[in-house]
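>>> Dropping a prediction and its sequence here:
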Amino acid sequence: MKFVSALQGRALVVACLLLTGAAGCGGDSDAPGNDAGVNDGGEPDAMTPPTALCRPGPYWMTEGETVAIDVLCPPAGDEVSGDAVTFANLPAGASYDAASARITWTPGLDQAAVWEITAEIADRGEATTFAVGVADAWDHADNVPIVDRSKYPMEYGMPVFFLSPPPADPENYENIVIVYGGETHHGGGKLRGASSLDFPKNSYTLEFPKAALFSEPERAGGFLDKHKIVLTSTFDDNSYVRQRLAFELWNRLDPGHVQVQSFMAVVYVEDEFRGLYTVTDHVDDDLMAQQGLGGDGNLYKTVSHDANFGLKRHDGRAKAALSEGYEKKSGDPEVGPDAFADLEELIRFVNEADDATFAAEIGTRIDLGDYMDWLVLITFLAADDNAGKNTYHYHGLDAAWRVIPWDFNATSGQDWMTVRRSVEDVGYYESYNRLFERFLAIEALRTELEQRYRAVLDSVLSVPEVYEVIDEILAGIDPAVLARDQARWRAEYESFERWDQRTDFTTHAEEVSYVRSWLAERWDILSELHSE
């Protein structure tokens, strides 16, 4: 069900002409009215008589606001008395005035839900159901918690998660109840992140039973059959686009990449409104299996900049083990002296092979397109934190290594503390990553990388295409929900100790404009740098 927004904080009067600018009632402002004989495909249908009942909405407001719904719409509605309309289920407090054929309702502080009001004209054999969404007035002093979570599947058209009790352990999954889309799931949850654990708006990993996987067919092109998913806080990004932009660009750089799907949702923890979150895949063996990579290989996550494919730590000190900076997430053996054997062998090859051997064999050991696109993406976005850590590396049995970049809050013009990044700070992160250093030092590989860079700057990473992705992300965030999230977190965002010394805070609109401008300027610089 798709919902249209109401303006928050003011009385909302929804009537046919206001919504459509024409004779019909309805949801979308450009939807056709109650013209005679329009079938589901939008084509005239001479056998279908004009309907007297207005289109069924949907309509959105917050508890305490007022909605007025015209029930009869011209032309056929002019021929019907308002007394001919009956209702099966008007909500408590709603009233119908037959003279004007209008429902008026100001929901109370205990009526947050998606309501369906069925109207019928018996002698015409005509009925319709008006969908009315009432958002929780979470910030009202006398607010009542949402009474029935199963009847609150959406908020201003955006899907809603309820987590109960709130996950509190960053190491172990705790049993929790997850309500999504009106359905109850008994699964697990834990806190997620490292530095973000200090945020007042936490991130979470959710786990669903293998026998009852999570699916959201209407989002992200079909977000289906997920054992684990991630709810990432937007606390440190008031543009709300950075994480999803990076994942979408990664997906578009090559459909053969491990695709990381994402969408936006609203989260309540117990009865507390937590606001907007980025919902993404959880990178694990299940995701590898789902994307045809077997799922029985070894998956490693890089957790510090010591995961640099080098023989030394990022600070130049010798490593006690080549696997320093990596965590093993799946694969056999999980622990012991051989747990990191394949990764250590790759690191030794990266460091010890001569140039000729490296150039000849690296493409048989790793998916070269994957790893070059990793370098392209993070240099384009100035993703310093992704050059060593914040990636996953997967080695399927008898297959090449694959890479999946992760955690993109420090991109597109800000660092991990939200401080503004210079658009002119351009580099290949050779000091962060021995693998990148070797790509650039060997002429044949550097040429291949440069050719790849030029190609994607003129396609996937071109300014129009990047702007298109940003527009698509923002189109999926209802302005009313965005305003609610800002109302909840803005003060804490500006006073958060990690960046409270900043004097250049932006509004959401200003931050989006900043991201757009930063990326456009970045493209100009990189395009010149990579010109033939």
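On my side now, so go ahead. Owing to the predicted nature of the structure, the values given are computational and were not obtained by experimental measurement.
>>> Strands of the stretch 151-300 of the chain, start to end?
Counting by DSSP state E, counting those that start in this stretch, the segments of the stretch 151-300 of the chain that form strands are 154-155, 158-164, 174-180, 183-192, 203-207, 214-216, 223-226, 228-233, 262-269, 272-281, 298-302.
>>> can I get the ones you listed in TSV with mean pLDDT?
Supplementary listing: the strands of the stretch 151-300 of the chain in TSV, determined by pLDDT from 0 to 100:
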stretch	mean pLDDT
strand 154-155	98
strand 158-164	98
strand 174-180	98
strand 183-192	98
strand 203-207	98
strand 214-216	98
strand 223-226	98
strand 228-233	98
strand 262-269	98
strand 272-281	98
strand 298-302	98
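>>> among those, which is the most enclosed?
Here the criterion is mean neighbour count by mean count of other CB atoms under 10 Å, and of the strands of the stretch 151-300 of the chain the winner is strand 154-155, at a mean of 24. Heads up, the C-betas are built off the backbone N, CA and C, glycines and all.
>>> Can you give the distance of that one from its chain's centre?
Here strand 154-155 is found 15 Å from its chain centre; the criterion is CA atoms, centre = their mean, to the nearest Å.
>>> same thing with stretch 196-216?
In terms of CA atoms, centre = their mean, the centre of stretch 196-216 is found 13 Å from the chain centre.
>>> Dump the strands of the stretch 151-300 of the chain to a markdown table, plus distance to A441.
As requested, the strands of the stretch 151-300 of the chain are arranged in a markdown table below (distance: least, CB to CB, whole Å):
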| stretch | distance to A441 |
| --- | --- |
| strand 154-155 | 53 |
| strand 158-164 | 47 |
| strand 174-180 | 48 |
| strand 183-192 | 37 |
| strand 203-207 | 38 |
| strand 214-216 | 45 |
| strand 223-226 | 41 |
| strand 228-233 | 36 |
| strand 262-269 | 35 |
| strand 272-281 | 34 |
| strand 298-302 | 22 |
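>>> D139 is nearest to which of the ones you listed?
Shortest separation from D139 across these is recorded for strand 272-281, at 7.9 Å, computed as CB to CB.
>>> coming back round to it: tell me which of the strands of the stretch 151-300 of the chain lies nearest to P464.
Nearest to P464 among the strands of the stretch 151-300 of the chain is strand 262-269 (21.4 Å), distances taken as CB to CB.
>>> Tell me which strands the closest one pairs with, and in which orientation.
Strands flanking strand 262-269 in the sheet, each with its direction: strand 158-164 (parallel), strand 272-281 (antiparallel) (DSSP bridges).
>>> What lies in contact with the last one?
Going back to what we said before, that points to strand 272-281. Applying CB atoms under 8 Å, 6 or more residues apart in numbering, the contact partners of strand 272-281 are 136, 138-139, 161, 201, 203, 216, 219, 223, 226, 229-234, 240, 243-244, 247, 259-268, 287, 477, 481-482, 484-485, 488-489.
>>> please redo it, this time with the cut-off set to 6 Å
The set of residues that contact strand 272-281 without belonging to it, under CB atoms under 6 Å, 6 or more residues apart in numbering, is 138, 230-232, 234, 243-244, 260-263, 265, 267, 287, 485, 488.
>>> and which of these is nearest A127?
Sorting those by distance to A127 puts A265 at the head of the list, at 32.3 Å, by CB to CB.
>>> Quick one: residues contacting the closest one.
Under the criterion of CB under 6 Å, 6+ apart, the neighbours of A265 are P159, F161, Y277, V279.
>>> Mind checking what secondary structure G369 has?
helix (DSSP: H, G, I helix; E, B strand; the rest coil).
>>> what's the closest non-adjacent residue to it?
D254 (6.0 Å; CB to CB, 6 or more residues apart in numbering).
>>> Any idea how many residues pack against the one you found?
The number of residues packed around D254, counting by other CB atoms under 10 Å, is 16.
>>> my read: V160 touches V266, true?
Yes. V160 is in contact with V266 according to CB atoms under 6 Å; the separation is 4.7 Å.
>>> for the residue lying closest to S164 once chain neighbours are set aside, which residues make a bridge with it?
Beyond its immediate neighbours in the sequence, the residue positioned closest to S164 (CB to CB, 6+ apart) is V177, lying 4.9 Å away. Bridge pairing for V177 (DSSP bridges) gives the partners S164, H186.
>>> Let me see the mean pLDDT of the helix ranked longest in the chain.
Once the chain is assigned using DSSP state H, the helix that runs over the most residues is helix 508-529. Taken as a whole, helix 508-529 has a mean pLDDT of 97.
>>> again, but for stretch 316-326
Mean pLDDT, taken over the full extent of stretch 316-326, equals 95.
>>> got the end-to-end distance for it?
17 Å (CA to CA, to the nearest Å).
>>> Identify the residues contacting it?
Y300, T302, S304, D306, A307, K312, R313, F340, L343, E344, I347.
>>> Return the member of the residues you listed nearest to L461.
Nearest member of these to L461, counting by CB to CB, is T302, at 23.6 Å.
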